[in-house]
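1. structure for the following, please:
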Amino acid sequence: DNLRIKEIRAMAYPQLIIEEATATGKCVETVVHAREAASKIVRGEDDRLIVVIGPCSIHDTAAALEYAARLKSEAARHSEHLLVIMRVYFEK
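-> Modelled structure (predicted):
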């Protein structure tokens with residue numbers, strides 16, 4: 001009855017995504033480190049500010065990698081005062 005539904009597609013379940021897009025050791029290390037750092041800031045054990053930044057969504061992988069490289073450089077430059085976390089959605 002809902003005329004606004006264009007199509008219905010099954011969503012991939014988390015285990016399938018984990019199996020097909022396995023994170024590298026460096027990726028896991030980066031996520032763990034960022035989560036630990038953010039936790040310390042939230043608990044008041046680190047006086048830096050958390051900055052969550054990113055484009056609304058990314059459709060171009062090359063552009064995403066370029067953006068991430070530039071952001072990483074700036075994050076390192078300001079790391080004494082800020083914890084920069086890139087947040088992005090892919091093709092929402």
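2. surely residue 46 touches residue 80?
-> No: no contact is recorded between residue 46 and residue 80 when judged using C-beta atoms under 8 Å, the distance being 11.0 Å. Where C-beta positions appear, they are placed from N, C-alpha and C, glycine not excepted.
3. could you check which of these two has the larger neighbour count?
-> Looking at residue 46 and residue 80 with other C-beta atoms under 10 Å, you find the greater number of neighbours at residue 46, namely 15 against 7.
4. and the closest residue to the more buried one other than its chain neighbours, how far from residue 33?
-> The shortest distance from residue 46 to any residue other than its chain neighbours is 4.1 Å, reached at residue 40 (C-beta to C-beta, 6 or more residues apart in numbering). Separation of residue 40 from residue 33 (C-beta to C-beta, to the nearest Å): 11 Å.
5. which of those two has more residues huddled nearby?
-> Set residue 40 next to residue 33 and count neighbours by other C-beta under 10 Å: residue 40 wins out with 14 against 10.
6. helix or strand with the lowest mean pLDDT in the protein?
-> Scoring the helices and strands of the chain by mean pLDDT, DSSP states H and E places helix 14-20 at the bottom, with a mean of 87.
7. tell me how far it lies from the chain's centre.
-> Relative to its parent chain, helix 14-20 has a centroid offset of 17 Å by C-alpha atoms, centre = their mean, to the nearest Å.
8. contacts for the helix or strand just after it?
-> Once the chain leaves helix 14-20, the next helix or strand it forms, by DSSP states H and E, is helix 25-42. Residues from elsewhere that reach helix 25-42 (C-beta atoms under 8 Å, 6 or more residues apart in numbering): 23, 46, 47, 48, 49, 50, 83, 85.
9. buried ones in helix 25-42?
-> Under the neighbour-count criterion of 16 or more other C-beta atoms under 10 Å, helix 25-42 has 37, 38 buried.
10. what's the pLDDT at residue 91?
-> In the predicted model, residue 91 carries a pLDDT score of 65.
11. just the C-alpha atoms of stretch 49-65, please, in CSV.
-> Coordinates of the C-alpha atoms in stretch 49-65 are reproduced here as CSV (Å, rounded to 0.1, in the frame of the first residue of the first chain):
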residue,chain,number,x,y,z
LEU,A,49,38.7,18.2,23.5
ILE,A,50,37.2,15.6,21.3
VAL,A,51,36.4,16.8,17.8
VAL,A,52,34.2,14.7,15.6
ILE,A,53,34.5,15.9,12.0
GLY,A,54,33.8,14.7,8.6
PRO,A,55,31.7,15.1,5.5
CYS,A,56,28.1,14.1,5.6
SER,A,57,28.7,11.3,3.2
ILE,A,58,31.3,10.1,0.8
HIS,A,59,30.6,8.6,-2.6
ASP,A,60,34.2,8.7,-4.0
THR,A,61,36.8,6.5,-2.4
ALA,A,62,39.7,8.5,-3.7
ALA,A,63,38.3,11.7,-2.4
ALA,A,64,37.7,10.0,1.0
LEU,A,65,41.3,8.9,1.2
